[in-house]
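Student: Predicted model follows, preceded by the sequence.
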Amino acid sequence: MLNKEEVLEMIKRNPSPNRSKEWSRIQEYGTYAGYKILLWIYQLAGVVALRIVIYPVVAFYFLLNGNARKFSQEYLQTIHQFMGDQSPWGGTPGLWRSFQHFMSFGQATVDKVTVWLGSYQKEDLTFFGYETFSSLKKDGKGVLIIISHLGNVDVCRAVSAGSKGDPGSTTILMHNAHAPNFQRILSEVTGTRENIEIIEVQNFTPDVAIKLQGKIEVGETIVIAGDRTPVDSQSRYDVCSFLGKDAAFAQGPFILASLLDCPVFLLFGMKHESTYHVFFEQFSDSLKVTRKERTEHLKENIKKYVTRLEHYACSYPLQWYNFYNYWASPEPQEEDH
């Protein structure tokens with residue numbers, strides 16, 4: 001059983017990189033009224049009409065948001081250089097490729113809404129590695145899933161909620177404060193789902209960690225993103241090479257996995273033509289380690305996660321949805337003793 005002193009020791013804070021502040025402060029451009037209009041178009045004319053309407057919406061956002069456009073091009077040029085001869089683009093990606101990147105995000109947003117409205121069923125998706133995950137859940141095992149802002153994991157979240165054969169309740173640790181209008185619309189569309197609980201990641205405390213352990217012990221699923229540094233800018237991180245350039249990655253998901261001592265999976269939902277390929281990858285049976293091994297194992301596990309993130313980014317390069325300075329230089333942090 002976890003105790004508060006153990007948790008406090010493992011999550012004690014050090015300064016995080018500047019980009020932790022940057023991504024969480026990006027304000028959504030969509031208004032509540034705008035989202036309502038898009039929802040009305042979908043309900044009146046269907047998903048095809050909504051996909052057509054999203055083009056001018058994305059074009060407006062593309063022209064208006066110079067920072068997102070700049071960081072899109074930075075990412076595309078970085079992955080193009082990293083992939084070398086394997087790059088899907090013959091030359092250096094420019095504005096047109098960046099617009100396609102924005103459009104991919106726009107279409108993913110449409111998919112997110114239509115999924116929550118019931119347009120996708122589990123049978124419409126292609127799963128890889130799901131049998132291992134499902135077997136653990138049928139045996140009553142609690143599982144931690146680490147996701148990313150690559151692809152569209154909302155497809156998995158919505159389809160699994162309450163679906164026949166899908167196990168138990170899910171708790172999602174996420175940051176919602178920077179997109180209140182979209183979250184409001186989503187809540188109106190979906191209503192209250194008894195088997196999904198969302199915990200604001202800024203509110204993570206030892207009491208929350210103990211609560212999450214209780215959920216794992218009764219066979220529930222915990223979900224947390226692994227590709228963004230903490231919002232509070234005072235939590236631990238490691239610097240790791242991602243697409244050939246140093247980037248900071250939060251230790252938090254892997255510290256949490258160590259505390260919970262449960263099976264850990266990576267989850268990627270990637271658009272493939274008109275449907276989604278959903279990848280469940282078993283990351284570890286457990287990340288529980290001794291205090292002496294902690295620092296080394298954290299570095300190894302973050303590097304392992306980043307390697308898989310690179311793999312899927314290179315396989316689906318336009319489905320990377322972090323439109324900010326991902327490779328910002330981190331500030332120094334204290335060593336863990």
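Tutor: Happy to help now that I have it.
Student: Now do stretch 84-102: distance to the chain's middle.
Tutor: On the basis of C-alpha atoms, centre = their mean, to the nearest Å, stretch 84-102 is displaced by 23 Å from the centre of the chain it belongs to.
Student: Likewise for stretch 273-281?
Tutor: With C-alpha atoms, centre = their mean, you get 15 Å for stretch 273-281.
Student: which parts of it are buried?
Tutor: Across stretch 273-281, burial judged by 16 or more other C-beta atoms under 10 Å covers 276-281. Bear in mind the C-beta positions are built from the backbone N, C-alpha and C, glycine included.
Student: Report all helices and strands that the helix or strand where Ser134 lies contacts.
Tutor: Using DSSP states H and E, Ser134 sits within helix 130-138. Packing contacts for helix 130-138, counted by 3 or more C-beta pairs under 8 Å, 6 or more residues apart in numbering; DSSP states H and E, involve strand 143-147, strand 275-284.
Student: So which other helices or strands are in contact with the first one?
Tutor: Judged by 3+ C-beta pairs under 8 Å, 6+ apart, the packing partners of strand 143-147 are helix 130-138, strand 221-225, helix 252-260, strand 264-272.
Student: Quick one: find the helix or strand in the protein with the lowest mean pLDDT.
Tutor: helix 19-25 (a mean of 47; mean pLDDT, DSSP states H and E).
Student: Now the following helix or strand past it: average pLDDT?
Tutor: The first helix or strand that comes after helix 19-25 along the chain, using DSSP H and E, is helix 32-45. Throughout helix 32-45, pLDDT has a mean value of 80.
Student: What lies in contact with the next helix or strand along the chain from helix 32-45?
Tutor: Next along the chain after helix 32-45, taking DSSP H and E as the criterion, comes helix 47-64. Applying C-beta atoms under 8 Å, 6 or more residues apart in numbering, the contact partners of helix 47-64 are 29, 34, 38, 41-42, 68-69, 98-99, 102-103, 105-107, 109-110, 114, 119.
Student: do that again at 6 Å, thanks
Tutor: Contact with helix 47-64 is made by 29, 41-42, 99, 102-103, 106, 110, 114, as judged by C-beta atoms under 6 Å, 6 or more residues apart in numbering.
Student: For it, list every residue counted as buried.
Tutor: 50-51, 53-54, 57-58, 61-62.
Student: Provide the angle between the direction of the helix holding Ser134 and the direction of strand 264-272.
Tutor: Computed with axes from the mean of the first three to the mean of the last three C-alpha atoms, to 10 degrees, the direction of helix 130-138 lies at 140 degrees from that of strand 264-272.
Student: Show me which positions of helix 130-138 end up buried.
Tutor: Counting neighbours by 16+ other C-beta under 10 Å, helix 130-138 gives 130, 133, 136-137 as buried.
Student: One more: stretch 292-300?
Tutor: Quick answer for stretch 292-300 (16+ other C-beta under 10 Å): 294, 297-298.
Student: and if you look at stretch 208-224?
Tutor: Within stretch 208-224, the residues that qualify as buried are 208-210, 212-213, 215-216, 219-224, counting by 16+ other C-beta under 10 Å.
Student: Among those residues, pick out the one closest to Asp285, please.
Tutor: Asp285 lies nearest to Ile216 out of the buried residues of stretch 208-224, by C-beta to C-beta, at 13.5 Å.
Student: Closest one of the buried residues of stretch 208-224 to Glu74?
Tutor: Ile224 (26.1 Å).
Student: need the contact list for the closest residue to the closest one other than its chain neighbours.
Tutor: For Ile224, ignoring the flanking residues on the chain, the nearest one in space by C-beta to C-beta, 6 or more residues apart in numbering is Leu173 at 4.4 Å. Neighbour list for Leu173: 199, 201, 224 [criterion: C-beta under 6 Å, 6+ apart].
Student: One more pass at 8 Å, please.
Tutor: So Leu173 contacts 199, 201, 204, 222-225 (C-beta under 8 Å, 6+ apart).
Student: Now for the residues you listed: which two are most distant?
Tutor: The farthest-apart pair in the contacts of Leu173, when distances are taken by C-beta to C-beta, is Phe204 and Val223, at 13.7 Å.
Student: returning to that earlier point: could the helices and strands packed on strand 143-147 go into TSV alongside distance to Arg236?
Tutor: Shown next, in TSV, are the helices and strands packed on strand 143-147 (distance: least, C-beta to C-beta, whole Å):
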stretch	distance to Arg236
helix 130-138	28
strand 221-225	14
helix 252-260	7
strand 264-272	18
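Student: so Gly91 sits in a strand?
Tutor: No - counting by DSSP: H, G, I helix; E, B strand; the rest coil, Gly91 is not part of a strand but coil.
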